[in-house]
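Colleague: Show me how the following folds:
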Amino acid sequence: MSVFFQLAVTLALAVGVCAGAIAYFRAVRTPRPPVGVFNGSDIFMMMGFVLALPYIYLTLPGAVLPVVLALVFAGGLSVGYQPVIGNAPLRRSLIAVLIASVLGCHLAFGETAPPYWVANSVVVVLIVVSATNLNVQGGMRLKNVAWFLLALTAYDAFFAWVVPLTQELSDAVQGYPYAPAAGLRIGEDLGAVVGMGDLLAYALFTTTAYKAYGTWGLRTGIALVTLFGAAAPVATLHLLAAIGDHAPTLVPAQVFFGPAAFLGYRYLRRSGPERRMADVPRRGTATTRGAAGRVGPARGAEAEPVR
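Modeller: The predicted structure is shown next:
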């Protein structure tokens, strides 16, 4: 029962956040930052931020950690949904309601109750959807995402199995609201949680694949997320528990998804050069093939209208 519960919740979250990111991408255009295009130095800076963030969390006193996380959540929602809700007072009010609902459910029901995890998951998914589009529409390419995920694979494996930093961070947020994860817990027996970083990885790859190669990229992204982002980590966790004396508490999903995503990128690039954001027609414009004066990639990667 536990394996099916974990698989269902993980799959729903992984595919759901990708669907949300694609829906945002098709319906909303974010302001493009005047920073040029992503390159190797940008990926290096992103990895530096990923490396530093857990240490920052672990150095905070326990009572301060949920306050910082609440402010980070609120800030992410405010920036990410400014293009969606232009009315600033209305946007701030809605964000305040979302943030307050997480705290209210935590105080009323506890950290293992479904209402808290539903409220927290809604906030986390909304942040991931907007953060994905700010990066993808801001110039991040599939090549950048593929290399970033490959580096993230090594990071996750090292800090899960060599230096248990990931487990320490998970322990540090136990008992506090605003967990940087989405999932569902029902009592002490059933639980499935997916980290915010993993959800961001799935959404980034799928959305950049769609931007770069259209429908074929989207199908490839969803297939890899389903098989290597959801099914493989859950199956491995329960398989190791069945054959070993001690069940592992953590199986880093990026160990499976990162290499698969990189191979997926190498496979997609055989269809031709990546489609740029400028080649994706805005809502209501006519479909064109070979936007920006070039022939669009094959296998369904032609430019598609954003409906």
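Colleague: shouldn't Glu188 be in contact with Gly110?
Modeller: No: with contact defined as Cβ atoms under 8 Å, Glu188 does not reach Gly110; the gap is 11.1 Å. Where you see a C-beta, it was placed from the backbone N, CA and C, and this is true even at glycine.
Colleague: End to end on stretch 132-142, go ahead and measure it.
Modeller: Terminal residues of stretch 132-142 lie 12 Å apart, using Cα to Cα, to the nearest Å.
Colleague: Name the residues that touch it?
Modeller: Contacts to stretch 132-142, defined as Cβ atoms under 8 Å, 6 or more residues apart in numbering, come from residues 21, 24-25, 28-30, 32-33, 35-38, 79-80, 200, 203-205, 207-209, 211-213, 217, 265, 268-269, 274, 277.
Colleague: can you check stretch 174-189 too?
Modeller: Applying Cβ under 8 Å, 6+ apart, the contact partners of stretch 174-189 are 2, 9, 13, 17, 62, 65-66, 69-70, 73, 102-103, 106-107, 111-114, 116-118, 120-121, 123-125, 173, 190-197, 199.
Colleague: Mind doing that once more with 7 Å?
Modeller: If you take Cβ atoms under 7 Å, 6 or more residues apart in numbering as the criterion, stretch 174-189 is touched by 9, 13, 65-66, 69-70, 73, 102-103, 106, 111-112, 114, 117, 120-121, 124-125, 173, 191-196, 199.
Colleague: circling back to that earlier point, between Glu188 and Gly110, which one's more packed in?
Modeller: Taking neighbours as other Cβ atoms under 10 Å, Glu188 and Gly110 compare with Gly110 leading, 12 against 7.
Colleague: residue contacts, that one?
Modeller: Each residue near Gly110 by Cβ under 7 Å, 6+ apart is listed here: Tyr116.
Colleague: pLDDT score assigned to it?
Modeller: Gly110 is assigned a predicted lDDT (pLDDT) of 89.
Colleague: Which members of the contacts of stretch 174-189 occur in helices, if any?
Modeller: 9, 13, 65-66, 69-70, 73, 102-103, 106, 114, 117, 120-121, 124-125, 196, 199 (DSSP state H).
Colleague: helices or strands up against the helix or strand containing Ala203?
Modeller: Element membership for Ala203, per DSSP states H and E: helix 196-224. With contacts taken as 3 or more Cβ pairs under 7 Å, 6 or more residues apart in numbering; DSSP states H and E, helix 196-224 sits against helix 2-27, helix 114-136, helix 142-157, helix 254-268.
Colleague: now those as CSV including mean neighbour count?
Modeller: Putting the helices and strands packed on helix 196-224 into CSV (neighbours: other Cβ atoms under 10 Å) gives the following:
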stretch, mean neighbour count
helix 2-27, 19
helix 114-136, 22
helix 142-157, 21
helix 254-268, 21
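Colleague: out of those helices, nearest to Ala223?
Modeller: In terms of Cβ to Cβ, the element of the helices and strands packed on helix 196-224 nearest to Ala223 is helix 254-268, at 8.3 Å.
Colleague: Could you figure out how far the closest one is turned away from helix 196-224?
Modeller: Interaxial angle of helix 254-268 relative to helix 196-224 (axes from the mean of the first three to the mean of the last three Cα atoms, to 10 degrees): 50 degrees.
Colleague: All set, thanks.
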